[in-house]
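Asks: Provided below are the primary sequence and the corresponding predicted coordinates.
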Amino acid sequence: MSVLRGYVVEQIGSPEGILIVDETGFLKKGDQSAGVQRQYSGTAGRVENCQIGVFLSYATASGSAFIDGRLYLPKDWLEDRQRSQLAGIPKQTKFATKPELARQMIQKAIEEKVPFSWVTGDSVYGGDRKLRRWLEEQEVSFVLAVPKNEPLWYEGFRQLPASEIAQQVQPKDWQQLSAGEGAKGPRLYHWAVVPLWRLQIQEEAHFGHYLLLRRSLEDPH
């Protein structure tokens, strides 16, 4: 993987690069492949018998490419030592959640000085407070999705779900912007940014913390 990362950076590296964390499923028929079981697969859009891989992609204005990957191994697999041994899983392998696997890959990218400006990912990763906190400690900027019921520190040091904070945005504070070109032209949405409170240690007090909101033009709810 180090050789791959070095090649990608050499070809498309940029200080404005983005690290993208995501997962994908590999559909399987049997039950012997490492980590295979019935679990949700984004590839299939439903629960299927599959393996799940967590991947780190790198994107710049010059292109994009995978630069790292980890196989997700469910707890049931690691607790069954005989099955794990038959599948070739090393004895010392410990269980890691998908966000923990993402953290390992981002850490490796930092150590190998992959140039990037921020990290992005869906709510599987944004919903993990440990990952968000770790990124802040590394002084890594990020835009990570969170579930609508994610409790966030709002005005007056009170916690509110993200969906309730969204309801308090004034009509004048929504902006119509494109999320990129689609098959029928710009993909337009309404966007708003809401400052959040943070319980910061002094060294990190210069970091801003915000809830970025997007809503449909046709259905504002």
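Replies: Thanks, I have the structure now.

Asks: where's stretch 54-73 relative to the chain centroid, distance-wise?
Replies: 11 Å (Cα atoms, centre = their mean, to the nearest Å).

Asks: do stretch 12-21 as well
Replies: 14 Å.

Asks: ends of that stretch, how far apart?
Replies: Terminal residues of stretch 12-21 are spaced 18 Å apart (Cα to Cα, to the nearest Å).

Asks: Could I get the full set of strands for this structure?
Replies: 18-27, 37-41, 46-60, 63-72, 118-121, 141-144, 151-154, 158-161, 175-182, 185-195, 210-215 (DSSP state E).

Asks: Report the contact partners of the most far-flung residue of the chain relative to its centre.
Replies: Largest separation from the mean C-alpha position in the chain: Q82, at 32.6 Å (Cα atoms, centre = their mean). Contacts for Q82 (Cβ atoms under 8 Å, 6 or more residues apart in numbering) come out as none. Backbone N, C-alpha and C define where each C-beta goes, glycine included.

Asks: Q92 versus that one, what's the distance?
Replies: From Q82 across to Q92, the span is 16 Å (Cβ to Cβ, to the nearest Å).

Asks: S33 is in contact with C50, correct?
Replies: No: C50 lies out of contact with S33 (Cβ atoms under 8 Å); the separation is 9.2 Å.

Asks: So between these two, which is more surrounded?
Replies: Under the neighbour definition other Cβ atoms under 10 Å, C50 and S33 were set side by side, and C50 has more, 22 against 16.

Asks: give me the beta-bridge partners of the more buried one?
Replies: L27, Q37 (DSSP bridges).

Asks: Need the per-residue pLDDT for it.
Replies: C50 is assigned 95 on the pLDDT scale.

Asks: same thing with the one 10 residues further on?
Replies: pLDDT recorded at T60 is 97.

Asks: Number of residues surrounding the closest residue in space to S141 that isn't next to it in sequence?
Replies: Spatial nearest neighbour of S141, excluding adjacent residues (Cβ to Cβ, 6 or more residues apart in numbering): W118 at 4.0 Å. Close neighbours of W118, defined as other Cβ under 10 Å, add up to 14.

Asks: what angle do the lengthiest helix in the chain and strand 63-72 make?
Replies: Across the chain, the longest stretch assigned as helix under DSSP state H is helix 98-111. Angle of helix 98-111 versus strand 63-72, following axes from the mean of the first three to the mean of the last three Cα atoms, to 10 degrees, is 130 degrees.

Asks: contacting residues for the residue nearest to L212 when sequence neighbours are not counted?
Replies: Nearest non-adjacent residue to L212, counting by Cβ to Cβ, 6+ apart: V193, 5.6 Å away. By Cβ under 8 Å, 6+ apart, the contact set of V193 is Y210, L211, L212, L213.

Asks: Quick check: can you list the domain ranges of this protein?
Replies: 1-145, 147-221 (automatic domain parsing).

Asks: Going by mean pLDDT, which of these comes out lowest?
Replies: For the domains of the chain, where the average pLDDT is lowest is domain 147-221, sitting at a mean of 87.
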